[in-house]
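Enquirer: Turn this into a structure:
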Amino acid sequence: MPEFVPQGAVGAFPNMREIHRRAVRGPVNPLDKSTIVSIYPRPIKFKNVTLSPGRWFLAAGSMEKPAILTIGPSSWFKDVGLDEPLLEIVQSSVMIADSLVKDYLNGMFACNMNDSVPGLLFIPGEIERADLKDKDKYKNLMSRTLDKQMNYYRNLVKYADALWARSNGNPLALNDEMRMAARALGVQDKDWMKDHSRIDLVPCFACGEFKNPEYPICKSCHTVDPNHPKAKLVHKADPFASLNQPEGK
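Expert: You can find the predicted model right below:
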């Protein structure tokens, strides 16, 4: 007797049941288009493993240059029987766009889905970036979107202040969106914004303490970095400044 080869194994031929169960895609309506618009200054990746197509990418946007993503309909497939082909269930582009926007926003901290929302929305139909500047059609819509995003930024800054105080100045209590909101609102004088700048510091070659790389002298050990471009200027101004050894050695 021939050796039994399980279905789906390497080298196996598909039988009639597998052929019948193959999904048959229907024609796509070329007029079924929707556009997702973003003034949120971060790129967004959308993913839905149950849909085909189910992956989209939207670049970072701004009020001056909104990011746009035009999408069409997607489908999911229903199993209606062992010997029947998979039934394609088509979802319109409006349903897909609405689902992508809401699913993304619902998981964001400080977003209430009302008046405190990042600048992400969808518009039925296919539009271009130049169309968003039409005063009659989209000016009020984009203005309201910007107002909601600014409210979202203000709420993020309020939460950041509270978390910073309750965590005794722990930078891990804050996220990058809060710092982004502070920069957008022009309130970079916050203590938690100053602490975040420590990420850009470099260790001193003499004592190991972190220092600003733009300055040649370490504020902790007062040693001049000999490899710094401004080291010669410091030595010229103060001939007794140590250029090679830490103070006291």
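Enquirer: From now on I want contacts and neighbour counts done on CA atoms only, so please keep to that.
Expert: OK.
Enquirer: burial measure for the nearest residue to residue 125 once chain neighbours are set aside, as a count.
Expert: Nearest non-adjacent residue to residue 125, counting by Cα to Cα, 6 or more residues apart in numbering: residue 34, 4.4 Å away. The local packing of residue 34 (other Cα atoms under 10 Å) involves 24 other residues.
Enquirer: wait, doesn't residue 34 sit right on residue 124?
Expert: Yes. Residue 34 is within contact range of residue 124, at 4.5 Å (criterion: Cα atoms under 8 Å).
Enquirer: Mutual contacts of these two, please.
Expert: 93, 94 (Cα atoms under 8 Å, 6 or more residues apart in numbering).
Enquirer: In the record's domain split, what are the boundaries for this protein?
Expert: 16-147, 201-249 (automatic domain parsing).
Enquirer: could I get these as a markdown table with distance to residue 166 and mean pLDDT?
Expert: As requested, the domains of the chain are exported to a markdown table (distance: least, Cα to Cα, whole Å; pLDDT from 0 to 100):
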| stretch | distance to residue 166 | mean pLDDT |
| --- | --- | --- |
| domain 16-147 | 17 | 90 |
| domain 201-249 | 26 | 74 |
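Enquirer: can those domains go into JSON lines with extra columns for distance to residue 179?
Expert: Shown next, in JSON lines, are these (distance: least, Cα to Cα, whole Å):
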{"stretch": "domain 16-147", "distance to residue 179": "12"}
{"stretch": "domain 201-249", "distance to residue 179": "18"}
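Enquirer: between the ones you listed, which gets nearest to residue 182?
Expert: domain 16-147 (13.1 Å; Cα to Cα).
Enquirer: what about the strands in the chain?
Expert: 34-38, 44-47, 55-58, 67-71, 74-78, 87-91, 120-124, 202-203, 210-211 (DSSP state E).
Enquirer: Would you mark the buried spots in the third one?
Expert: So the one you mean is strand 55-58. residue 58 (16 or more other Cα atoms under 10 Å).
Enquirer: what are the pairing partners of that strand, and which direction each?
Expert: strand 44-47 (antiparallel) (DSSP bridges).
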